[in-house]
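Q: All I have is the shape, not the residue letters:
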């Protein structure tokens, strides 16, 4: 096998070159658990709407490394002490923050691993890697779980201005071409500082923060909650649910061995090593390959749902301001049964709440560092121009149905 | 099913918005044959070296549409008459120029469809689509096959400055992050003109052309011929060859039905409708899914090759100036047999010539339009600064072996 | 003199190539009145804060041409009839929308041409050019003055989504490097349409509009109202006011002849041809050259103000939420007199209101075209997420004083 | 005056944020000698061809700081020891490398300061600043003058891959919009290393180097040697020569005091402090203001030359492969005398050699660091694909005349 040069430079089209000079970090990247992320797309089926959005979770994780390195440099230049161990641990923590992600969306995980929360998966992966790497990941895991006293490390990984968001918003904007979501990550990081071991932002960066919060909101409405993406994702989940149900009924539902494993097992209380190894073999190709086969399945529902996705013949759905009533939904279901000649319209008719809270001022608010050294919550700043309005949750409803039955009486 | 709005705007992160206002064009894009290209990556396994390069052939084809539309506008503004029929036909021809592309590289096609040339596949696809669409593709096919008397339409699809190249170089540069390959496609198109129904370039665009030719050369050496990509591609082909051979021997080689179809059938003289329909179901996911399974195959060779790719544990290969001798290759094969404990080292040891001719001045040279109205071949222009040197073919050799056996005596 | 090729392509780093194929348009660009804009910076002294912002009004005007050409193409593709005459006239109108702009900011004009409104200057320029060009600009002037019945042409030149704003926001964002202001002009234009000869935007573009309105607001707070820029501009105006006053008192204030002309004459009721010709000779270099000389002027006030600007030794000013009282201002003036040893502190102490209304829903609101063909004002749309909040005017106060006297009691 | 916060971040649209954390560096930037560079354009009159190219030398110098900071980081990460003193000194040296630049091109300096070489001016400026700053610039000056034993510091400031070039090529490409010149500066720096205190480039960066050398060559032919720019520059120099001559003859040639100083004095043997202080007051505005006035000068030659430039009514010149003969030039001069009704055609007729040597393999060649640790000159590398051809000097001739007299017999 390859004699690996343990210093590597990746070329990221979004953020430029990422240098990996830490051997441990490099070894984790080489691990099959992590390489797997090459085969999991970052934005699921969003490429059905934005055809450039085929980028992988692998690339996103590398981008986070880059941002963390920049953050270290900025903070150290401002006099924040960061030890070698903290540096490495925070890099590992951000690298692995999404290691537990399965194929396509989080939603799919809940179908395949009923009862197991996504974040638990990541932690389980980290623990097993920690064993493999002689407990060198312990501090990283502590940071990830917010057990480390210097809170800002965790806040860089999970908060309203974490590096995860700073990377994926900029990245998804880049690959979708939706410039509305472009975020000036570098500037925001340049404005970061640490007070009492908590993350703050220099007050002169307030407009960059406000701009970032609005960009994030727009990315939700334009990309993540795009009607067609949500429809595609919904039917993808339904296809897997249907397949699982058919498997349980003993029907013939061809699929890869690992997919079959998760269809057959459903009593996950806790995840064990074997489950995890199986899960680590799953990626987008299993799901796509299965859907391709299922297009011709004898089960009408499974076949239809699979065709919707593979041929991108998605029913036109709606996004509406007020939810339709249950009575209306029943009427729709009846019409859908007829339209598709299926017995159970439940797979085809869904109403889902979509909400965005651009800025949460109660849980872990963003804090500004004023010139006089005081720290102030963002929403209380004198010169904010938009934040107050961003605290309102905005809610819409996605009505995942064939458009033509909507006007039915 | 969706009531399709026959006017669509795609958001291409590279070139901006692509408007599809022609219904026929739109219907072809909607066709499963074309939608399939969403699942075929443009640069195969190059994302193993440049992790951003996960873009699809679907996106490239849309980009070509965009460039063709710009070209029409430029040429018409210069007084070149282009009829509605020609406009549509040239759009269709460029849209479908790669419709016959199979999963991963062209090389793979030769394994799956021995004896069938890639371009024939595209033409076969076009012919079948032509039937489906009431012969509305006839002119497009004529242009594609260079049977249409106004040669410049074909030259826009296939020549040394065709729109295919202008798109893929810019696009691959964008997604790999290799800025060396960035091509000023818009400027080159702005300089295009037509004389006697042949494509020419305004002489003031000469530096843009020279720059484009060098960029193309650099993309070959930095991306398409990157040692690790070539290694990955080589072993991918070998894995499929091995699988095919095992199938013929009656061994158990799990794979999708369509892949199996091509493993079992090998006497392709001409391709028929059934073959094509099967082929149209193939995409990257079939190959990835198969390789994942084969990692654990009882055949050592197949298992090793599959692990190389899936786990990205690729032997470190070499690019050298002079080929090694057959004697040396034999020594290497012996060492490899021992290293991997395999009987046939042929799957693991390859020497391949890599050549780039940056500019071909004999076959269909690029022609400049001088201010005095005369047409001159690029290499004869007074003010060229590099073209003469770009006419030399540069050749290297890729030695696909594990690096550690190279120094063996 | 040059035999001009009446077809020209400009290379704009922001928007790409601009093709000028209309001879009249080309001749207007060649006119000294227009060439003068090469020597007037688009963002005045903003380059003191954002050193890349040295772009000229000439470039901005070309960019507007580009956007107008794209708009024509988009609207025509949607079936909006636009005649050759309208096309040319709207191009001329946008080209000349700022032709009356003097050196640096509009504010300076009021010093040099007391009582003459900036827009009148543009119209006067247009009228004189109209005479020179045999009344070929009549329709352009009608459009500019909103006298042409097809209102959308005027709205493209002056409204809340006019091409002027779409260009300058994107352009100023590009040259300042303030990515918060980057506007997806192309997308907004792609969404434009015309109903009853008025400009509308397809409702699916709503987020792009909301994003654009917020970006504009951020550009105000981060760039146009940047405290240091406003300070520099304030003192620039004061320097010219002081110079004018000294001239009137018969003092020696060296300056270029044209500048002198405007210092000496101040009874502008209406502007005449001679005034205009003089004005057309003014540009940034007159002001900069004068300030350089004035640094050593015997008048202390003029000398100080000039040094502030030329040496970029600007007193640190403040932006505050509530205005300070007149009493406080008087205290400050007293302190400033002492600090600078000047008799009249009025040149050095200024309080100015800065307001931004991101979206005006009463005067000429932006109108959306719904899928059902109805037209709706932006703020009434169901799926707006931010517009309602953007209707609030936000006000701050710029206190242009030396920071060190602020805390005086 | 402003109480300066001695930590500053500049926003550079090309390279991103530049942080100045060193106080001395900051104070030098604040110095009027350096602030003056804000009023000197980087590419002279190139904005007559590329209207976006209005960027200043000030911005370029800041960009060099940024690149030097990145270089320090890269080299240190590879184990190259760089002391705090060396770090600061190399930053100052690159910051000031162009401090002696006068308005517009170097060529102008030779008119204003006959006999004084441009680089001497920079050194004189540095020496005077060194006195002001208590000899803290001594090491910087040593590096600039290549007196410091660790050669690589000088090579970063002046060599075939110095940071000056890496910045200005990328920057001029950005502002002109000529993407042919875009250079991947960051990648080249990432590949830099130091062996025996001399600068080398990792051999895997060879294509980036080749690409950079070709880009540089294209920038010369497309931008720096653009026929219209060279014409404008030529006539600008001639205008100043003419003015100087008229001044010596005692004629009335209005101009700023500092310009007058240099017109009147011409016996520069060495430059003294007074000369330098005068020179430090010169910038583009003096020249532009003077030219504007001279348009109406009674001297026909001066008036014509000034009109050419200010009104951008430049005679169309030619770039040719072979120089025209002296006989031909005399014919042309005769025709020009008649055409312009001037006595001395010498101001209007010029033939100038334009040469580019893309790569100089004899003087300080670029050196590659091979994987085996050996150092090899670029042109000797096995895998170079273009360098050998880039060693040929390419020469053209600029014939600065009115095009219409060229075909005269």
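A: Alright, I've got the coordinates. Just so we're clear, the structure is a prediction, and the values are computed from it rather than from any experiment. Numbering: from 1, shown residues only, chains lettered A, B, ... in the order given.
Q: residues in chain A within reach of chain D, list them.
A: With the criterion set to CB under 8 Å from any CB of the partner chain, chain A comes near chain D through A:9, A:16, A:17, A:19, A:21, A:77, A:186, A:187, A:190. From N, CA and C alone the C-beta is placed, and that goes for glycine too.
Q: Give me the buried subset of these.
A: Among the residues of chain A next to chain D, the ones that count as buried by 16 or more other CB atoms under 10 Å in any protein chain shown are A:16, A:17, A:19, A:186, A:187, A:190.
Q: Among the residues you listed, which ones lie close to chain C?
A: With CB under 8 Å from any CB as the criterion, the members of these in contact with chain C are residue A:187.
Q: Grab the two from the buried ones among the residues of chain A next to chain D that are most spread out in space.
A: Taking CB to CB as the measure, those reach their widest spread between A:19 and A:187, a distance of 21.5 Å.
Q: How about the contacts made by residue A:118?
A: By CB atoms under 8 Å, 6 or more residues apart in numbering or on different chains, the contact list for residue A:118 reads A:100, A:101, A:106, A:109.
Q: From these, which one has the minimum pLDDT?
A: The member of the contacts of residue A:118 with the lowest pLDDT is residue A:106, at 74.
Q: show me the contacts for that residue.
A: Listed by CB under 8 Å, 6+ apart, the contact set of residue A:106 reads residue A:118.
Q: Please pull out the lowest mean pLDDT helix or strand from chain A.
A: Comparing every helix and strand of chain A by mean pLDDT, DSSP states H and E singles out helix A:106-112 as the least confident one, with a mean of 79.
Q: Pull out the buried residues from it.
A: Taking 16+ other CB under 10 Å as the basis for neighbour counts, the residues of helix A:106-112 that come out buried are A:108, A:109, A:110, A:111, A:112.
Q: Check stretch A:19-34 too.
A: A:19, A:20, A:22, A:24, A:25, A:27, A:28, A:29, A:30, A:31, A:33, A:34.
Q: That one - what's its average pLDDT?
A: Computed over stretch A:19-34, the mean pLDDT rounds to 94.
Q: and that stretch with chain B, contact?
A: Yes. Using CB under 8 Å from any CB, we find that stretch A:19-34 touches chain B at A:30, A:32.
Q: chain center to that stretch: distance?
A: Taking CA atoms, centre = their mean, to the nearest Å, the mean C-alpha location of stretch A:19-34 is offset from the chain mean by 21 Å.
Q: What segments of chain A are strands?
A: Taking DSSP state E as the criterion, chain A carries its strands at A:8-12, A:16-20, A:192-195, A:198-202, A:318-320, A:350-357, A:367-369, A:375-377, A:393-400.
Q: mind checking how far whichever residue of the stretch 201-350 of chain A sits closest to chain D is from residue D:19?
A: Each residue of the stretch 201-350 of chain A has a distance to chain D, by CB to the nearest CB, and the smallest belongs to residue A:204, at 9.4 Å. Here the criterion is CB to CB, to the nearest Å. By it, residue A:204 lies 14 Å from residue D:19.
Q: isn't the residue of the stretch 201-350 of chain A closest to chain D right up against residue A:193?
A: No. Residue A:204 lies out of contact with residue A:193 (CB atoms under 8 Å); the separation is 11.2 Å.
Q: So for these two, which sits in the more crowded spot?
A: The neighbour comparison of residue A:204 against residue A:193 (other CB atoms under 10 Å in any protein chain shown) goes to residue A:193, with 20 against 15.
Q: need the contact list for the more buried one.
A: Residue A:193 neighbours (CB under 8 Å, 6+ apart): A:75, A:78, A:80, A:199, A:200, A:201, A:202, A:369.
Q: What parts of chain A come near chain C?
A: Within chain A, the residues that sit near chain C (CB under 8 Å from any CB) are A:179-180, A:182, A:184, A:187, A:207-208, A:210-211, A:214-215, A:217-218, A:221-222, A:319, A:321, A:356, A:382-383, A:385-386, A:389, A:394, A:396.
Q: Provide a ChimeraX selection command restricted to the buried entries of these.
A: Written as a ChimeraX command, the selection of buried residues from these, which uses 16+ other CB under 10 Å, is:
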select /A:179,180,182,184,187,207,208,210,211,214,215,217,218,221,222,319,356,383,385,386,389,394,396
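Q: Low-confidence ranges, chain A, go.
A: Residues of chain A meeting the criterion pLDDT under 70: A:1-7, A:409.
Q: For it, give the residue positioned nearest to chain C.
A: Chain A approaches chain C most closely through residue A:389 (3.6 Å), counting by CB to the nearest CB.
Q: Apart from its neighbours in sequence, what residue is nearest that residue?
A: Once its chain neighbours are removed from consideration, residue A:389 has its nearest residue in residue C:389; the separation is 3.6 Å (CB to CB, 6 or more residues apart in numbering or on different chains).
Q: Equivalent analysis for residue A:39, please.
A: If you skip the residues right next to it in sequence, residue A:39 has residue A:283 as its closest partner in space, 3.7 Å away by CB to CB, 6+ apart.
Q: And chain A, split by domain according to the record?
A: Per the record's domain assignment (automatic domain parsing), chain A is made up of the domains A:8-96+A:137-225, A:315-365+A:394-409.
Q: Quick check: residue A:331 touching residue A:401?
A: No. Residue A:331 is beyond contact range of residue A:401, at 10.7 Å (criterion: CB under 8 Å).
Q: for residue A:224, what are its contacts?
A: The contact partners of residue A:224, taken as CB under 8 Å, 6+ apart, are A:43, A:46.
Q: picking up where we left off before, what's near enough to touch the residue of the stretch 201-350 of chain A closest to chain D?
A: For residue A:204, the contacting residues are residue A:191, taking CB under 8 Å, 6+ apart as the criterion.
Q: Run a quick check on residue A:375 versus residue A:195, I expect a contact.
A: Yes. At 5.5 Å, residue A:375 and residue A:195 qualify as touching, with contact defined as CB under 8 Å.
Q: Please identify every residue contacting each of the two.
A: With contacts taken as CB under 8 Å, 6+ apart, the residues that reach both residue A:375 and residue A:195 are A:367, A:369.
Q: re the thing from before, state the pair within the buried residues of stretch A:19-34 that is farthest apart.
A: Distance extremes for the buried residues of stretch A:19-34: the farthest pair is A:19 and A:33 at 22.3 Å, using CB to CB.
Q: got the phi/psi numbers for the closest residue to residue A:154 other than its chain neighbours?
A: On the basis of CB to CB, 6+ apart, the spatially nearest residue to residue A:154 that is not a chain neighbour turns out to be residue A:146, at 4.3 Å. Dihedral angles phi and psi of residue A:146 (degrees, to the nearest 10) take the values phi 60, psi 40.
Q: And residue A:295, by the same measure?
A: On the backbone of residue A:295 - angles per degrees, to the nearest 10 - the values are phi -50, psi -30.
Q: Contact partners for the residue lying closest to it once chain neighbours are set aside?
A: Distances taken as CB to CB, 6+ apart put residue A:306 closest to residue A:295, at 4.6 Å, once the chain neighbours are dropped. When contacts are counted by CB under 8 Å, 6+ apart, residue A:306 touches A:239, A:291, A:292, A:293, A:294, A:295, A:297.
Q: can you tell me which of those are in helices?
A: Secondary-structure check on those using DSSP state H: residues within helices are A:239, A:291, A:292, A:293, A:294.
Q: from memory residue A:85 sits against residue A:139, does it?
A: Yes. Judged on CB under 8 Å, residue A:85 makes contact with residue A:139 at a distance of 6.0 Å.
Q: Between those two, which has more neighbouring residues?
A: Looking at residue A:85 and residue A:139 with other CB under 10 Å, you find the greater number of neighbours at residue A:139, namely 20 against 11.
Q: give me the number of residues near the residue nearest to that one when sequence neighbours are not counted?
A: Counting by CB to CB, 6+ apart, the nearest residue to residue A:139 once its immediate chain neighbours are dropped is residue A:89, at 3.7 Å. The tally of other residues near residue A:89 (other CB under 10 Å) stands at 23.
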